[in-house]
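> Need the 3D shape of this:
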Amino acid sequence: MILKITLPLLLVAVSSSVLADGPYILGEVTHSNLSLEKGTFNNDLTAAGATGLTSREDGSGNQWRLQAGYKFNPYFAIEAGYIDLGQADYKASFAGGTAKGSEKAGGIDLAVLGMIPVMDKLSVFGKAGLVLAKVETRLNSGAPAATNIKDSSTEVRPLLGAGAAYNVWKNVDLRFDYDHVFDIGKSGKSGKMSDDMLSAGISYNF
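So this is what the prediction gives:
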């Protein structure tokens, strides 16, 4: 579904280059809140012999993103770059032992932005795109349920977001973003996680 939305918009962007306002770069600090589907980790430990299992997960942390974009007109832009999606940590305890695990992701994103100028210096926008993410999973525990899992995969996940840009000086804008990346990871292997990200940074328009 996301491809059906995104690809036509990309084609429109390419055909509309005569309306170009020009390129920009964007750097942001991002706070991620990852929601990990920890049942897969629990099942791995149970299969290894863990009993009386209790577990918890924490996916809150700060990361960064760097983007390059092109504004075709006051209403439409396209941007791509690298985005660190963060890491979710898993901890468990069971009869006679403990376990630690993690799932982290990051990769290249591509998004189209539909913008609405609401004031002389302020615009709001919505965006849709894709993330080509590398996902790394680890789970380690000692006896009596010894487990050592290390897995890496690459996948394409949809991204939706919204935000605002405020021009503070000449070619410099303050930028604020909210993004949601869906279903990172694989249920049968590492457990899926979703990522809610709040970002703030500066863009420079050439």
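> contacts for stretch 32-44?
53, 55-57, 59-63, 85-88, 90, 92, 99, 101, 103, 139, 147, 149, 185, 187-197 (CB atoms under 8 Å, 6 or more residues apart in numbering). No exception for glycine: its C-beta is placed from N, CA and C like everyone else's.
> if we go to 7 Å?
With contact meaning CB atoms under 7 Å, 6 or more residues apart in numbering, stretch 32-44 is reached by 53, 55, 57, 59-61, 63, 85-86, 88, 90, 101, 103, 139, 147, 149, 187, 190-197.
> Quote the end-to-end distance of it.
Start-to-end span of stretch 32-44 (CA to CA, to the nearest Å) is 26 Å.
> Give me the buried stretch members for it, please.
32, 34, 36-38, 40-42, 44 (16 or more other CB atoms under 10 Å).
> List the ones among those residues that fall in helices.
If you go by DSSP state H, these have 40-42, 44 in helices.
> picking up where we left off before, filter the contacts of stretch 32-44 down to the buried ones.
53, 55, 57, 59, 61, 63, 85-86, 88, 90, 101, 103, 139, 147, 149, 190-195, 197.
> Among these, which ones are in strands?
55, 57, 61, 63, 85-86, 88, 90, 101, 103, 139, 147, 149, 193-195, 197 (DSSP state E).
> what's the offset of the strand or helix carrying Ser123 from the middle of its chain?
Assessed by DSSP states H and E, Ser123 sits inside strand 122-141. Its chain's average C-alpha position is 2 Å from that of strand 122-141, according to CA atoms, centre = their mean, to the nearest Å.
> circling back to that earlier point, and the ones in helices among the buried residues of stretch 32-44 as CSV, adding distance to Gly27 and pLDDT?
Converted to CSV, those look like this (distance: CB to CB, whole Å; pLDDT from 0 to 100):
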residue, distance to Gly27, pLDDT
Thr40, 34, 89
Phe41, 34, 91
Asn42, 38, 93
Asp44, 38, 92
